[in-house]
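Chemist: below is the structure, and that's it, no one-letter string:
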């Protein structure tokens, strides 16, 4: 697939209406469960991310760890875990954000992010954009340069992309 081109995900990414508080929930698990779609998604993410030459991929808790870790391996770089509050030892930097149906607090360890490092953020879904915006803020506070954001699914109708000023790539994009 050409970089920047998105796949049709209607058949691979089912929607569960009213799964939580009136939210149409897009389920990434069928993509991950199917060997071919998992591999294809990882190939697309790798193709888009390679020119960014990151030192780290930072995956957002928890489903961002799945493809984020595999992507870090493919890009021959380190992996950083951005976890929900209270899950990391040591000194952390944290941010609170509001998502589609909850408010969460995420954090990253200070000692693992080197000033001047190039970081690619990966999350499973970008909806409102608030979680990735919080991740960008934390990493920049630690002196890193965020070179891009990748996700498996983007709910483009929520305009989350507008919350960040770095390039964002999604394998699947949904307008509703």
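Modeler: Arrived safely. Note that the coordinates shown come from a computational prediction; the quantities given were computed from them, not determined experimentally. Residues are numbered from 1 along each chain as shown.
Chemist: give me the neighbour count for residue 142.
Modeler: 18 (other Cβ atoms under 10 Å). The way it works is simple: take the backbone N, C-alpha and C, and place the C-beta from them, glycine included.
Chemist: residue ranges with poor pLDDT in this structure?
Modeler: Applying pLDDT under 70 to the chain picks out residues 1-11, 21.
Chemist: quick one: contacts of the longest helix along the chain?
Modeler: For the chain, the helix with the greatest residue count under DSSP state H is helix 35-49. Applying Cβ atoms under 8 Å, 6 or more residues apart in numbering, the contact partners of helix 35-49 are 1, 3-4, 7, 12, 30-32, 57, 67, 70-71, 74-75, 120, 122, 148, 150, 152, 169, 171.
Chemist: in helices only, show me the residues you listed.
Modeler: 30-32, 67, 70-71, 74.
Chemist: check contacts around the spatially most central residue of the chain.
Modeler: By Cα atoms, centre = their mean, the mean C-alpha position of the chain lies nearest to residue 123, the distance being 1.7 Å. Residue 123 makes contacts with 59-60, 63-64, 68, 131-132, 135, 149, 151, as judged by Cβ under 8 Å, 6+ apart.
Chemist: format these as JSON lines; extra columns: distance to residue 165.
Modeler: As requested, the contacts of residue 123 are exported to JSON lines (distance: Cβ to Cβ, whole Å):
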{"residue": "59", "distance to residue 165": "21"}
{"residue": "60", "distance to residue 165": "18"}
{"residue": "63", "distance to residue 165": "24"}
{"residue": "64", "distance to residue 165": "20"}
{"residue": "68", "distance to residue 165": "21"}
{"residue": "131", "distance to residue 165": "16"}
{"residue": "132", "distance to residue 165": "11"}
{"residue": "135", "distance to residue 165": "13"}
{"residue": "149", "distance to residue 165": "10"}
{"residue": "151", "distance to residue 165": "16"}
